[in-house]
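> let me see the structure of the following:
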Amino acid sequence: MSFDPLLGLIGQTPLLKLCKLDTGPCELFVKLENQNPGGSIKDRIALTMIEAAERDGRLRPGGTIVEATAGNTGLGLALVAARKGYKLKLVVPDKMSLEKIFNLKALGAEVIITRSDVCKGHPQYYQDYAHRIAQETPGAYYIDQFNNPANPDAHEHGTAPEIWQQMGHEVDAIVVGVGSSGTLTGLSRFFKRAAPQVEFVLADPVGSILADYVETGSYGKAGSWRIEGIGEDFVPSLTDISSVTQAMRISDDESIQTARSLLEVEGILAGSSSGALVAAALRYCRAQTTPKRVVTFICDSGNKYLSKQFNDGWLIDQGLVKLPQQGNLVDLITRRHDKGATVTAKPDETLADIYARMRRHDVSQLPVLSGAAEVLGIIDEWDLMRAIHDKPENFHLPVHKAMITDLQILSPDDSTEKLLKIFNDGLVAIVVDRGRFLGLITKSDLINHWRQRLR
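Below is the predicted model of the structure:
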C-alpha cells in the first residue's frame, strides 16, 4: 500500500449486482474498476510495477519510464508517475480514443502515436517501438507490462482476494479479457488455491488470436478490431490459460451495443472492453441451466469513448450503425438533417458564432437555412477568411453578408458522376428534395461509402 493518499485509493473497488439486464438463471456481478482514481483497472498494475521497480533499484528518483500501451495502462502509469515525480514516454497505437490521448498529455506524459495495422516484429509495432525508445533514452526503464511479473501480482494479491471477500466466498465463474494477461493470470493463481472449481471464461474480440489459442493451442494471423484494451495478435508470455474453460468471440458491434445498453438500462458508463466482457458474461449466464454467481469487470469508464462508441456519427462512419437505405444519393449522407445530425447556420448569426461552431464540431462548412429548412446559402472557412481579411471587427458581421448563394443543388436521384463533378469543381454537395434540405455529402462520406461496400 502506498503512503501517497491518492495512490492509496487504488483498489477496494465496489462490486455491483446487475439487476436490469437479462442474466438468465444467474446472478451477474460487475467489479467497478472505473472507480479507481485513474479511472481503470490498470491503476492497480501501474502502481505495483512502479513500486516493484523502485524496490529493485531499476527505477531511480527522477527517472524516465517507457511503456507501450493501448491506453489505460498508460493512464495508470501517468497518474503514478505524476505523483512520484517520474518522466513518462508512452507509445500508443493510432486507434486509441482522443479522450485517452488528451488525458495522457494533460497528466504530463509524452505520447508517441504509432500504427495499429502492423504486427509484432515491424519497427512501428507499438511494443517494439517502445523497447527501442527505452534503449535510446539514457536512464530509461522499460516497464513492459507484457513481461513484468508485478503485473499479475497486482491481481493475485489485490483484485482476486477482494472479489473472494466481496462475494462471500461464493463464486462460480469469472469472465475476463486479455490484453497483457495480468488479470487472467493473477486471478487464476489465487483461485487455484482458494476455489479451484471456479470457471474462467475468456471474452476475446473477433480478430484476436487468443480464443483460437484457448481452443486449439495454436493460432494464425490476427485480424483487426475496434475494441480497445483487450485482444492480441500474439500470446503474452505471462498468459496462463489453464483455468479457462471456454472462450467467447465478441464482435465490435456486440461490444458497443452492450456498453450502450449498460448505460441505458443499468446506468453504468463503461468502455468498449467492458462491453465485450459483459456481453460474454451475459451469453454465459443465459446459457446456464442452473443458477450461478458470475463476476466480470467494468474495466474503465465510458467517458474515455464519448467520441467513439457513444458518438452516433462515428458509429455510422464505421459501419456499425446502418441508416435506412433508399438506393440513391441520400444513402451517402452521413449526417442527415432529418435525424438532427447536420450542423447548420442561420442567416442572422454572427461570423464569430459560426466560426466557433465549426471548431466545436470539427467541420469546415455549414449550410445556411431559413426557419423552414430552406437552403439560403453555404458558408465555409474560405468565406470567413474573405469576410474577415485581417479585420477582427468583421467577426460581428451576420452570416448572410459572407455566405455564398450561387449553389449547386443535387436531388436524391442525381448520379454519382454529377456528385463527382461538383467535388472536382471544388464545390459542396447539397442534397435537396422538393425544397427540403436533406444534408451535405462530403468527399469523406463518398469514400467511406465505397469502403463499407468491401465488407
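> CA atoms for contacts and neighbours, from now on please.
Noted.
> show the average pLDDT along stretch 232-239.
Per-residue pLDDT values over stretch 232-239 give a mean of 92.
> in that stretch, what's buried?
Within stretch 232-239, the residues that qualify as buried are Glu232, Asp233, Phe234, Val235, Pro236, Leu238, Thr239, counting by 16 or more other CA atoms under 10 Å.
> which two of those residues have the greatest separation?
The most widely separated members of the buried residues of stretch 232-239, counting by CA to CA, are Asp233 and Leu238 (14.6 Å).
> show me the buried residues of stretch 232-239 that map onto helices.
Cross-referencing those with the helices (criterion: DSSP state H) gives no overlap at all.
> in CSV, list these along with distance to Trp164.
Formatted as CSV, the buried residues of stretch 232-239 follow (distance: CA to CA, whole Å):
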residue, distance to Trp164
Glu232, 28
Asp233, 31
Phe234, 30
Val235, 27
Pro236, 26
Leu238, 23
Thr239, 22
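> those in strands, which ones?
Where the buried residues of stretch 232-239 are compared with strands, as defined by DSSP state E, there is no overlap at all.
> just these now: which is nearest Glu136?
Compare each of the buried residues of stretch 232-239 with Glu136 using CA to CA and the shortest gap goes to Pro236, at 24.1 Å.
> wait, that closest one sits on Asn147?
Yes: with contact defined as CA atoms under 8 Å, Pro236 and Asn147 form a contacting pair (7.3 Å).
> overlap in contacts of those two?
None of the residues lies in contact with both Pro236 and Asn147 under the rule CA atoms under 8 Å, 6 or more residues apart in numbering.
> wait, a strand at Lys192?
No: when classified by DSSP: H, G, I helix; E, B strand; the rest coil, Lys192 is found to be helix rather than part of a strand.
> from the buried residues of stretch 232-239, which is closest to Leu263?
The shortest distance between Leu263 and any of the buried residues of stretch 232-239, using CA to CA, involves Glu232 and amounts to 26.8 Å.
> and stretch 86-106, how far out from the chain's middle?
Taking CA atoms, centre = their mean, to the nearest Å, one finds stretch 86-106 lying 12 Å from the centre of the chain it belongs to.
> what of stretch 113-122?
18 Å.
> output that stretch as CSV, restricted to C-alpha atoms.
Below are the C-alpha coordinates for stretch 113-122, written out as CSV (Å, rounded to 0.1, in the frame of the first residue of the first chain):
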residue,chain,number,x,y,z
ILE,A,113,1.5,7.6,-31.7
THR,A,114,2.3,4.6,-34.0
ARG,A,115,0.4,2.4,-36.4
SER,A,116,-2.2,-0.1,-35.3
ASP,A,117,-2.2,-2.0,-38.6
VAL,A,118,1.2,-3.7,-38.2
CYS,A,119,2.2,-6.9,-36.3
LYS,A,120,4.9,-7.8,-33.8
GLY,A,121,8.3,-7.5,-35.4
HIS,A,122,7.5,-4.5,-37.5
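> pull out the buried positions in that stretch.
Of the residues in stretch 113-122, those with enough neighbours to count as buried (16+ other CA under 10 Å) are Ile113, Thr114, Arg115, Ser116, Cys119.
> for stretch 294-303, same thing?
Per 16+ other CA under 10 Å, stretch 294-303 contains these buried residues: Val294, Val295, Thr296, Phe297, Ile298, Cys299, Asp300, Ser301, Gly302.
> what lines up beside the helix or strand that contains Ile174 in the sheet?
Using DSSP states H and E, Ile174 sits within strand 173-176. Each strand that strand 173-176 pairs with, and the sense of that pairing, follows from DSSP bridges: strand 199-205 (parallel), strand 293-298 (parallel).
> of the buried residues of stretch 232-239, closest to Lys421?
Using CA to CA, Asp233 is the member of these that sits closest to Lys421, with 43.0 Å.
> which residues touch the lowest-mean-pLDDT helix or strand in the chain?
Sorting the helices and strands of the chain by mean pLDDT, DSSP states H and E puts helix 312-317 at the bottom, at a mean of 77. Here helix 312-317 makes contact (CA under 8 Å, 6+ apart) with Ser307, Lys308, Gln309, Val321, Lys322, Leu323, Thr334, Arg335, Ala341, Asp445, Asn448.
> doesn't the third one belong to a strand?
No: with three-state DSSP as the criterion, Gln309 is assigned coil and is not in a strand.
> isn't it up against Ser272?
Yes: using CA under 8 Å, Gln309 makes contact with Ser272 at a distance of 7.4 Å.
> over to Leu28: give its phi and psi.
Dihedral pair for Leu28: phi -110, psi 120, per degrees, to the nearest 10.
> from Thr23, how far off is the closest residue to Gly39 other than its chain neighbours?
Computed as CA to CA, 6 or more residues apart in numbering, the closest residue to Gly39 that is not its neighbour in sequence is Asp300, at 5.7 Å. Remark: distance between Asp300 and Thr23 (CA to CA, to the nearest Å) = 22 Å.
> try Val278
When CA to CA is applied, the distance between Val278 and Thr23 equals 10 Å.
> ok, these two, which is more surrounded?
Looking at Val278 and Thr23 with other CA atoms under 10 Å, you find the greater number of neighbours at Val278, namely 28 against 20.
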